[in-house]
Every structure is written in C-alpha cells, then in structure tokens.
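1. predicted model follows, preceded by the sequence.
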Amino acid sequence: MPTPLSSHHAVYVGSFDPLTLGHVDIIRRGSIIFDRLTVGIGINPDKNPLFTPEERLSLTRSVLASLKNVEVRCFEGLTVEFIRQCGARVLLRGVRTLSDIETEFTMTLANRALDPEIDTLFLMASERYTHVSSTLIKQIAQLAVGSAAGKLNEFVPAEVIEPLLLKYNRHQYSK
Ligand code: ADP
C-alpha cells in the first residue's frame, strides 16, 4: 500500500545556488500556509553549481533555523518522486515574471503527467524581490566593487554573503 500524501505538507524545490531573499520570502509565506514545508535542494548532474550540495544544505539550514515547520533536504532524480518520498501532495513554486510562468506551466504539465496526485501551487514573488535571481547575485558577487558589493545584503541572507564572496576569492565588501 503506498503511503497517503498529505495536502498540508508542501515541498519547495530549487537549486538554491545560492539561497536568495526571494527564496526565503516564498519559504516564509509557504510555512505559514502549510503545516509542514520541505525545502528540496536539487542535485542536478547537468548543472555546474557554485556551491556544493553540502554547502547549500548547511547554508539553507542555518538561514531557516528559526522556522520550526521547515526542513531542508538534498535530493537527486525526479522532483515528483522526491515529493512522494516526503509524503507531500503539493509542489510549491515561486513566479516572478511572465517568462517564469511560461516555463513553470510546461514543467507543471510534465509533473502532472508523471504523477497526477501531486499538484503545483504558485506564489507570486513579492514586489521587492521580483528582480532577484541566483544568477544575478553571482554576477554581482563576481564583478561588483565597493558600495555595489555592499548591496548584496539586499538580495541574499546575511549568512550567504561571506561564503559567496569567498567563492570569487573576495573578502567582505573588499574594494
Ligand atoms: P531552479 O533551478 O528550479 O530555477 P531556483 O533556485 O532558481 O531553482 O528557484 C527555485 C524556485 O524559486 C523556483 O520556483 C523559482 O521560480 C523561485 N524563485 C526564484 N527566485 C525567486 C524570487 N526572487 N522570488 C520568488 N520566487 C523565486
């Protein structure tokens, strides 16, 4: 007998390379709506991430430590299979732009074909984080100098700044 899936438990998946304030906003809001929220850090062999899965796991756990109904895990393979393993019925996603919606729409249809019992729920990004993406943050960390680098705290949690700059052999707010 397969384990029944809980509608009160959602899973939020992504690369989180690195975790941004946009992600944290979706996680906080999701943790209020659902009794339980699992953050799934996807390990994708086709991608070449800046942070190792272990680094992303430990950074994400430390940022989210105060959210008691949120757990963080890494996973490999299909998202719907991970969600089923978690015993959840809901896949939570965040959308920022119309182009996000287009991509998410295709992915949602594919996931539904793979596992019709799992449904996807979208939260609209908060206005202040609509422009925030992990890619943008990596560009800023790599290229920005002086006060622009100091603005990283508007995009990523404080815990992420130092490890992010170190990846590019830079030190906090170095000129
Ligand atoms: P992926 O590799 O799946 O694109 P990401 O780590 O970039 O993973 O994002 C995970 C989820 O968070 C996706 O649903 C994405 O649309 C959403 N997301 C990313 N950035 C933001 C943001 N600034 N505000 C709200 N949602 C976001």
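-> Perfect, I can see it now.
2. let me see the mean pLDDT of the helix or strand hosting residue 103.
-> Assigned by DSSP states H and E, residue 103 belongs to helix 98-114. What helix 98-114 shows for mean pLDDT is 96.
3. get me the contact residues on the protein for the ligand.
-> 14-16, 20, 22-23, 26, 93-96, 100, 125, 129, 132-134 (Cβ under 6 Å from any ligand atom). (C-beta placed from N, C-alpha, C; glycine too.)
4. by mean pLDDT, flag the weakest helix or strand of this structure.
-> Lowest on mean pLDDT, DSSP states H and E among the helices and strands of the chain sits helix 147-150, with a mean of 72.
5. re the thing from before, from the residues of the chain next to the ligand, which land in helices?
-> Using DSSP state H, the members of the residues of the chain next to the ligand that fall in helices are 22, 23, 26, 100, 134.
6. can you say which of those residues are buried?
-> Buried subset of these (neighbour count, 16 or more other Cβ atoms under 10 Å): 22, 23, 26, 100, 134.
7. would you check that the third one makes contact with residue 125?
-> Yes: using Cβ atoms under 8 Å, residue 26 and residue 125 qualify as a contacting pair, with a distance of 7.4 Å.
8. sorry, back to before: in the helix holding residue 103, what counts as buried?
-> Neighbour-count burial for helix 98-114 [16+ other Cβ under 10 Å]: 100, 104, 108, 111.
9. ok, the second one - contacts?
-> What that stands for is residue 104. 93, 95, 120, 122 (Cβ atoms under 8 Å, 6 or more residues apart in numbering).
10. joint contacts of residue 26 and residue 125?
-> residue 94.
11. is it possible to export the contacts of residue 104 to JSON lines including pLDDT and neighbour count?
-> Converted to JSON lines, these look like this (pLDDT from 0 to 100; neighbours: other Cβ atoms under 10 Å):
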{"residue": "93", "pLDDT": "97", "neighbour count": "20"}
{"residue": "95", "pLDDT": "96", "neighbour count": "18"}
{"residue": "120", "pLDDT": "98", "neighbour count": "19"}
{"residue": "122", "pLDDT": "97", "neighbour count": "16"}
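12. quick check: the farthest pair among these?
-> 95 and 120 (10.6 Å; Cβ to Cβ).
13. pLDDT (mean, whole number) over the helix or strand containing residue 58?
-> Assigned by DSSP H and E, residue 58 belongs to helix 53-63. Mean per-residue pLDDT for helix 53-63: 98.
14. which residues sit against that helix?
-> 15-19, 24, 39, 41, 43, 49, 51, 72-74, 157, 159-160, 163.
15. and those, which of them are buried?
-> For these, buried by 16+ other Cβ under 10 Å: 15-19, 24, 39, 41, 43, 49, 51, 72, 74, 157, 159-160, 163.
16. shaky segments in the chain?
-> 1-2, 146, 148, 171-175 (pLDDT under 70).
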